[in-house]
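Engineer: What shape does this take:
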Amino acid sequence: MRSLKDYIILTLKGLAMGAADVVPGVSGGTIAFISGIYEELLETISSVNLVALKKLKSEGIKSFWEHINGNFIAALFLGIIISVASFAKLITYLLEFHGILLWSFFFGLIIASIYLVGRKIKQWSVKEIIGIVVGSIIAYYITILPPMQNPDAIWFIYLSGAIAICAMILPGISGSFILLLLGSYEAILGGIKDFKIATITAFAFGCLTGLLSFSKLLNWLFKHFHDLTITILTGFLVGSLNKIWPWKTTISTRINSHGETVPFIQENILPTHFEGDSKLVLSIIMLLIGLGLIIILERLAVKK
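Structural biologist: Numbering: from 1, shown residues only. Here you go, the predicted structure:
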């Protein structure tokens, strides 16, 4: 039985997941994974099924709510919704004006996550090694795909939500980056910032569709192939480092919906190519903060 304090902590984890999901390159699933709620999240989402609907019809709301672990999902999604709604403008500001420092923080976060997630593997064998290699290759390939440019029609927003949510619950694969590849990132983030009901509704229903279907597959994999699944997810984290590398140079640009020139295709470079000493030091500090934060969270989880 969870206490009020536990639910407050769950909401805070939801805040962190929401903030991560807004950033192209960072996955909310990573935050769920390293904060110890990933498998419960999958189990909870998977419990929303025909059995739950039958319980709602025959036994009432209380039985239905208990079956779907309603308190858990409500506390977590409250944090995610608050975070996405409130941090959308802040994250876009930080990406535009302090991008290197923000990416450095997340780079440190992911490096620590790779180590800590890998420790969850009970026994290493050739199968697990192949799993981590395959996961790394898949995630890396996704990060080097060129972005698409598509219309921001409502049907496409719905489809984008269904596809992106699958990535959002996978550690290492960013749902926001998938939206960038699909060309609908700006339309959706702008819709959230400007509170466009049609865009938000289409995206939300798309997410719900993808979430209910994909989570069942992941939940089944965890139950039947636990270590192999974790190695593949760890590989996703390794492969995602290519996208999160803080220092990039712009190869080509495009004009966004506001008539602004923004980066379209970027390439990783060494920081010494254009960074001053002071900013490089700040970047390293942010990287270490990301590392330290994950280690502290893991130790608190173990202590609990």
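Engineer: Helix or strand: which one has the closest residue to Ile289 other than its chain neighbours?
Structural biologist: Spatial nearest neighbour of Ile289, excluding adjacent residues (CB to CB, 6 or more residues apart in numbering): Phe105 at 6.1 Å. Backbone N, C-alpha and C define where each C-beta goes, glycine included. For Phe105, the element it lies in under DSSP states H and E is helix 99-118.
Engineer: State the mean pLDDT of that helix.
Structural biologist: What helix 99-118 shows for mean pLDDT is 82.
Engineer: in it, what counts as buried?
Structural biologist: 100-114, 116-118 (16 or more other CB atoms under 10 Å).
Engineer: which ones are touching Ile178?
Structural biologist: Contact analysis of Ile178 by CB atoms under 8 Å, 6 or more residues apart in numbering lists Ile142, Ser160, Ile163, Ala164, Ala167.
Engineer: where exactly do the helices run in the chain?
Structural biologist: 4-22, 28-34, 38-46, 50-59, 61-67, 70-97, 99-118, 126-143, 154-168, 175-182, 185-193, 197-224, 226-244, 277-303 (DSSP state H).
Engineer: nearest to Thr261, of the contacts of Ile178?
Structural biologist: Among the contacts of Ile178, Ser160 lies closest to Thr261 (CB to CB), at 23.5 Å.
Engineer: So what does the nearest residue to the closest one once chain neighbours are set aside look like in phi/psi?
Structural biologist: In this structure, Ser160 finds its nearest non-sequential neighbour in Ser184, 4.2 Å apart by CB to CB, 6+ apart. Per-residue torsions, Ser184: phi -110, psi 10 (degrees, to the nearest 10).
Engineer: Neighbours of the closest residue in space to Ile68 that isn't next to it in sequence, how many?
Structural biologist: The spatial neighbour of Ile68 that comes closest, neighbours along the chain excluded (CB to CB, 6+ apart), is Ser47 at 4.9 Å. A count of nearby residues for Ser47, using other CB atoms under 10 Å, gives 18.
Engineer: Just the pLDDT for Ser47.
Structural biologist: Per-residue pLDDT puts Ser47 at 87.
Engineer: Please apply the same query to His224.
Structural biologist: For His224, the model assigns a pLDDT of 86.
Engineer: Please renumber the chain so that the first residue is 31 from this point on.
Structural biologist: In the new count, where the first residue is 31, that last one comes out as His254.
Engineer: if I pick it, what's in contact with it?
Structural biologist: His254 sits next to no residue when contact means CB under 8 Å, 6+ apart.
Engineer: Tell me how far it lies from Gly191.
Structural biologist: His254 sits 28 Å away from Gly191, going by CB to CB, to the nearest Å.
Engineer: follow-up on the earlier one: relative orientation of the helix holding Phe135 and helix 68-76 in degrees?
Structural biologist: With axes from the mean of the first three to the mean of the last three CA atoms, to 10 degrees applied, the angle from helix 129-148 to helix 68-76 works out at 90 degrees.
Engineer: so helix 129-148 versus helix 256-274, what angle?
Structural biologist: Orientation of helix 129-148 against helix 256-274 (the same axes, to 10 degrees) gives an angle of 170 degrees.
Engineer: send the alpha carbons of helix 129-148 over as PDB?
Structural biologist: What follows is helix 129-148, C-alpha atoms only, in PDB (Å, rounded to 0.1, in the frame of the first residue of the first chain):
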ATOM      1  CA  GLY A 129      21.500  23.700 -26.100                       C
ATOM      2  CA  ILE A 130      25.000  22.500 -25.400                       C
ATOM      3  CA  LEU A 131      24.600  22.600 -21.700                       C
ATOM      4  CA  LEU A 132      21.300  20.900 -21.800                       C
ATOM      5  CA  TRP A 133      22.600  18.100 -24.100                       C
ATOM      6  CA  SER A 134      25.600  17.700 -21.800                       C
ATOM      7  CA  PHE A 135      23.400  17.200 -18.800                       C
ATOM      8  CA  PHE A 136      21.400  14.500 -20.700                       C
ATOM      9  CA  PHE A 137      24.500  12.900 -22.100                       C
ATOM     10  CA  GLY A 138      25.800  12.400 -18.500                       C
ATOM     11  CA  LEU A 139      22.300  11.100 -17.500                       C
ATOM     12  CA  ILE A 140      22.300   8.500 -20.300                       C
ATOM     13  CA  ILE A 141      25.900   7.300 -19.700                       C
ATOM     14  CA  ALA A 142      25.000   6.600 -16.000                       C
ATOM     15  CA  SER A 143      21.800   5.000 -17.100                       C
ATOM     16  CA  ILE A 144      23.600   2.500 -19.400                       C
ATOM     17  CA  TYR A 145      25.700   1.300 -16.500                       C
ATOM     18  CA  LEU A 146      22.800   1.100 -14.000                       C
ATOM     19  CA  VAL A 147      20.400  -0.500 -16.500                       C
ATOM     20  CA  GLY A 148      23.000  -3.000 -17.600                       C
END
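Engineer: Cool, thanks, talk later.
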